[in-house]
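Trainee: Provided below for reference: sequence and predicted model.
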Amino acid sequence: MFQRLELVHPFLSQRINVWQNLSDIVIERTKKCQENQIFDAIKLVVVQIKQNDVKKLFLDTVKEILNKHYPKN
């Protein structure tokens with residue numbers, strides 16, 4: 001999903017509302033994935049995605065998911 005988001009980034013990054021809506025959709029769909037799917041995607045996404053905005057969005061989403069499932073004591 002984030003790889004597809006990266007494809008439209010050059011066209012939509014200036015259209016803040018559209019970009020935010022698409023980002024929100026991708027984040028919500030990612031949150032519904034199983035943890036093992038997310039872990040498998042980490043190595044792919046971090047290497048393949050070149051747009052730093054998209055990479056940061058993905059990593060922030062993963063961090064949020066992990067913090068939710070594995071809270072710090």
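Mentor: Right, received. Where do you want to start?

Trainee: use CA for all of it now, contacts and neighbours both
Mentor: Will do.

Trainee: what strand or helix carries Leu44?
Mentor: helix 35-48 (DSSP states H and E).

Trainee: residues of that helix that come out buried?
Mentor: For helix 35-48, the neighbour count (16 or more other C-alpha atoms under 10 Å) marks Ile38, Val45 as buried.

Trainee: helices and strands around it, which ones?
Mentor: With contacts taken as 3 or more C-alpha pairs under 8 Å, 6 or more residues apart in numbering; DSSP states H and E, helix 35-48 sits against helix 2-12, helix 52-69.

Trainee: so for the longest one, mean pLDDT?
Mentor: Mean pLDDT, helix 52-69: 86.

Trainee: cool, and stretch 17-35?
Mentor: On average, the pLDDT along stretch 17-35 is 84.

Trainee: tell me the secondary structure at Gln14.
Mentor: Judged by DSSP: H, G, I helix; E, B strand; the rest coil, the three-state class of Gln14 is coil.

Trainee: what separates it from Lys56, distance-wise?
Mentor: Distance of Gln14 to Lys56, given as C-alpha to C-alpha, to the nearest Å: 17 Å.

Trainee: right, I'll leave it there.
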